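S.K.: This is a predicted model, with the sequence first.
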Amino acid sequence: MAKIYSKNALAPKSMKPKKEIVSFLLNYSKALSIAKVGNLNIEIMAN
């Protein structure tokens, strides 16, 4: 009854991200900081 869906990959193995996208995500993660104030989490962008 149970089917394992993860055996067939949805994306081809040759699929690789562009350097621009990787650079954007790394820069975004470096600029993002999260401050906890009471029960709230506040996201702060340095840029």
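M.R.: Nice, I can see it.
S.K.: So what's the residue count around Leu32?
M.R.: 12 (other CB atoms under 10 Å). Every residue, glycine included, has its C-beta placed from N, CA and C.
S.K.: Next, count neighbours for Ile21.
M.R.: 10.
S.K.: Which of the helices or strands spans it?
M.R.: helix 19-31 (DSSP states H and E).
S.K.: Can you mark which positions in that helix are buried?
M.R.: Of all the residues in helix 19-31, not one is buried under the rule 16 or more other CB atoms under 10 Å.
S.K.: Alpha carbons only: can I get it in PDB?
M.R.: Output of helix 19-31 as PDB, limited to C-alpha atoms (Å, rounded to 0.1, in the frame of the first residue of the first chain):
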ATOM      1  CA  LYS A  19      26.700  31.300  -9.900                       C
ATOM      2  CA  GLU A  20      24.600  34.500  -9.700                       C
ATOM      3  CA  ILE A  21      21.800  32.700  -7.800                       C
ATOM      4  CA  VAL A  22      24.300  31.100  -5.400                       C
ATOM      5  CA  SER A  23      26.000  34.400  -4.800                       C
ATOM      6  CA  PHE A  24      22.600  36.100  -4.200                       C
ATOM      7  CA  LEU A  25      21.600  33.600  -1.600                       C
ATOM      8  CA  LEU A  26      24.900  33.700   0.200                       C
ATOM      9  CA  ASN A  27      24.800  37.500   0.300                       C
ATOM     10  CA  TYR A  28      21.200  37.500   1.500                       C
ATOM     11  CA  SER A  29      21.900  35.100   4.300                       C
ATOM     12  CA  LYS A  30      24.900  37.100   5.400                       C
ATOM     13  CA  ALA A  31      22.800  40.300   5.500                       C
END
